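1. Fold the following for me, if possible:
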Amino acid sequence: MRNVLMLTFFWPPKYQSGIWRPMKFAKYMPQHGWKPTVLTAKFPLDKDAPCVREDNIPPCEVIRVEPNSDRTLARAMSWAVWPMAKLLGKNRQWVEDALEWRMAWSLQWPDRGTSCNRWMIPMLSNAMDLLAGDRFDAVYVTAPPVQLTLVAAVLAMLRPKPIIMDLRDPWTQEFQYTQRGFRRGVDEWVEKSCLRRCDRIVTVTPMQTADLSRLYPELTGKLRCITNGFDPEDILPRNVRVPDGRLIVTYCGMSYEKLDQVTQAVRLACQRREAFREQFEMRWIGPQPRHPSAEEVAPIKYLGILPKNDAMRITQETDVLWFEVPINGHSRYIYPGKMFEYMVMDRPIIGTIPEGACMEKLLHPMGYCRFCYSRDPEKMAALLDQVFDDWQAGKLAGGASAEARAEHVRRFRRDVLTGQLCDVLNEVTRGSRRRHDCP
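-> As a prediction, the model looks like this:
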């Protein structure tokens, strides 16, 4: 069995949606001949992750890295500045004090609005030490945060180990990236410089692969697409919903949109039709920027964050699943992880997505799917009206056969996807090549 060093910023007990992809890779790698060792960030206030079962965390070695403090970085930088300050009659202490309070702003690049970059140098230093010998055959790095793209590039220059760069989200093509002009030009130049040093670049959607190939044509031969997916061990046995005279629609996951837009849409639909008001119920599971009051979310039942098993159980006890991603240009090519769990539940799916999004094509074989390409409450209310009519008419079922849907979903099992990643690892370490087609 060969060894791979995995660099990922988040790992249990720290919870963030980005933990699932590397965690599931690490879980299934030994089945394909690779033993993972995880290098991750240590957080001072780490708490248990309520959404991650203990038996779901892979039993691999985990090395946690402490961040640099602002004072530590200021002290390191003062060596370069102090000789000039000394000519002005200033001592080292004054230089360190002057630099320290500027750290919060200066460390905003490349991950703006975060403190992630305080771990960049410590993670690089620890990775360099671990890769000094012959223990590891390859390195897997997953981003965001973007700082790990820089770490991967430096490791590629200083350590002769194959580097697999896994882009869960791209840097300059990410849907929340807003820089323009000179700043965007600098970021794209740094992004290209970092990625070209990696042996393989893994993306999560075929549209993301195409965009990177268009933006950086010289990287085309290094690109591989391995989508997100679902772990069959996380999926509860499928429940058959017993009709009770209600249409239940459930959302489960993290939303980057405003909950009040959905609330307004439901209220509009309730105002228009008495039958809708009496027979419709919407449940909302997941975090929000703040905990809304009962009045703000009514008539939606806001359940907040739940342990994964409870969330999955409630989500399965539904007629229709609500699905949404941000309505903007870059989000059109993302495959949210929640989408794959929705697919395996085999329920009708409705919601709001960008027009032309690649996820719609992926969901189409699942049967009943209806989407609104706007966050306008009026248009969302119209979608809910249509679904309610179809439910009353018994038209929610249909589409492809159960066997065809099951075969479509099977391609996105985490064990299958991990096999594709291990094929890439084998490719860069032994020179073997296998075709990796994007679904």
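
2. before we move on, what SS does the residue in the chain sticking out farthest from the centre have?
-> Computed with Cα atoms, centre = their mean, the residue of the chain farthest from its C-alpha average is residue 89, at 50.4 Å. Assigned with DSSP: H, G, I helix; E, B strand; the rest coil, residue 89 falls in the coil class.

3. beta partners of the nearest residue to residue 29 once chain neighbours are set aside?
-> In space, and not counting its chain neighbours, residue 29 is closest to residue 36: 5.1 Å by Cβ to Cβ, 6 or more residues apart in numbering. The way it works is simple: take the backbone N, C-alpha and C, and place the C-beta from them, glycine included. Beta-bridge partners for residue 36, by DSSP bridges, are residue 4.

4. do the same with the one 5 residues further on
-> According to DSSP bridges, residue 65 are recorded as the beta-bridge partners of residue 41.

5. That one contacts residue 123, doesn't it?
-> Yes. Residue 41 is in contact with residue 123 according to Cβ atoms under 8 Å; the separation is 7.1 Å.

6. any common contacting residues for those two?
-> Common contacts of residue 41 and residue 123 (Cβ atoms under 8 Å, 6 or more residues apart in numbering): residue 65.

7. Now do the strands in the stretch 51-200 of the chain.
-> All strands of the stretch 51-200 of the chain, identified by DSSP state E, counting those that start in this stretch, fall at 61-65, 138-143, 163-167, 200-203.

8. Can you say which of those is nearest to residue 364?
-> strand 200-203 (21.1 Å; Cβ to Cβ).

9. which neighbours does the closest one have in its sheet, and in what orientation?
-> strand 163-167 (parallel), strand 223-225 (parallel).

10. For that strand, buried residues please.
-> Going by neighbour count (16 or more other Cβ atoms under 10 Å), the buried part of strand 200-203 is 200, 201, 202, 203.

11. Quickly find the element holding the closest residue to the last one other than its chain neighbours.
-> This means residue 203. Residue nearest to residue 203 in three dimensions, not counting chain neighbours: residue 209, with 4.6 Å by Cβ to Cβ, 6+ apart. Per DSSP states H and E, residue 209 falls inside helix 206-215.

12. tell me the mean pLDDT over that helix?
-> Per-residue pLDDT over helix 206-215 has a mean of 88.

13. quick one: it to strand 163-167, angle?
-> Orientation note: helix 206-215 sits at an angle of 120 degrees relative to strand 163-167 (axes from the mean of the first three to the mean of the last three Cα atoms, to 10 degrees).

14. what residues does helix 206-215 touch?
-> 167, 170, 172-173, 188, 192, 195, 201, 203, 219-220, 223-225, 332-334, 358, 438-439.

15. switch to 7 Å and redo it
-> Applying Cβ atoms under 7 Å, 6 or more residues apart in numbering, the external contacts of helix 206-215 come out as 170, 173, 203, 219, 220, 223, 225, 333, 358, 438.

16. For that helix, what is the distance to the chain centroid?
-> Relative to its chain's centre, helix 206-215 lies at 18 Å (Cα atoms, centre = their mean, to the nearest Å).

17. how about it: buried residues?
-> Of the residues in helix 206-215, 206, 207, 208, 209, 210, 211, 212, 213 count as buried by neighbour count, 16+ other Cβ under 10 Å.

18. what about the second one, distance to residue 283?
-> Looking back up the chat, that one is residue 207. Distance of residue 207 to residue 283, computed by Cβ to Cβ, to the nearest Å: 31 Å.

19. what about residue 388, is that helix, strand or coil?
-> helix.

20. Backbone dihedrals for residue 301, please?
-> Backbone torsions of residue 301, given as degrees, to the nearest 10, read phi -90, psi 100.

21. For it, which residues are in contact?
-> 281, 282, 283, 284.

22. Filter these down to the ones in helices?
-> With helices defined by DSSP state H, no entry of these lies inside them.

23. would residue 312 count as being in a helix?
-> Yes. Counting by three-state DSSP, residue 312 is located in a helix.

24. Which strand residues bridge residue 252?
-> residue 285.

25. so it makes contact with residue 311?
-> Yes. Residue 252 is within contact range of residue 311, at 5.4 Å (criterion: Cβ atoms under 7 Å).

26. out of the buried residues of helix 206-215, who's nearest residue 95?
-> So of these, ranked by how close each gets to residue 95 (Cβ to Cβ), first place is residue 212, at 41.8 Å.

27. For residue 274, see how far away the closest one is.
-> Separation of residue 212 from residue 274 (Cβ to Cβ) stands at 51 Å.

28. Helices along the stretch 301-439 of the chain, start to end?
-> Applying DSSP state H, counting those that start in this stretch to the stretch 301-439 of the chain gives helices spanning 308-316, 337-345, 358-363, 377-392, 402-410, 414-430.

29. in the shortest one, what counts as buried?
-> Burial within helix 358-363, assessed by neighbour count using 16+ other Cβ under 10 Å, is assigned to 358, 359, 360, 362, 363.

30. Would you mark the buried spots in stretch 366-385?
-> Within stretch 366-385, the residues scored as buried using 16+ other Cβ under 10 Å are 366-369, 371-372, 375, 377, 380-385.

31. same question, stretch 146-163
-> The neighbour-count check on stretch 146-163 (16+ other Cβ under 10 Å) flags 146-153, 155-156, 159, 161-163 as buried.

32. could these go into a markdown table alongside pLDDT and distance to residue 66?
-> Shown next, in a markdown table, are these (pLDDT from 0 to 100; distance: Cβ to Cβ, whole Å):
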| residue | pLDDT | distance to residue 66 |
| --- | --- | --- |
| 146 | 83 | 21 |
| 147 | 85 | 15 |
| 148 | 90 | 17 |
| 149 | 89 | 21 |
| 150 | 89 | 19 |
| 151 | 92 | 16 |
| 152 | 93 | 21 |
| 153 | 92 | 23 |
| 155 | 94 | 19 |
| 156 | 92 | 24 |
| 159 | 86 | 22 |
| 161 | 92 | 24 |
| 162 | 94 | 28 |
| 163 | 95 | 24 |
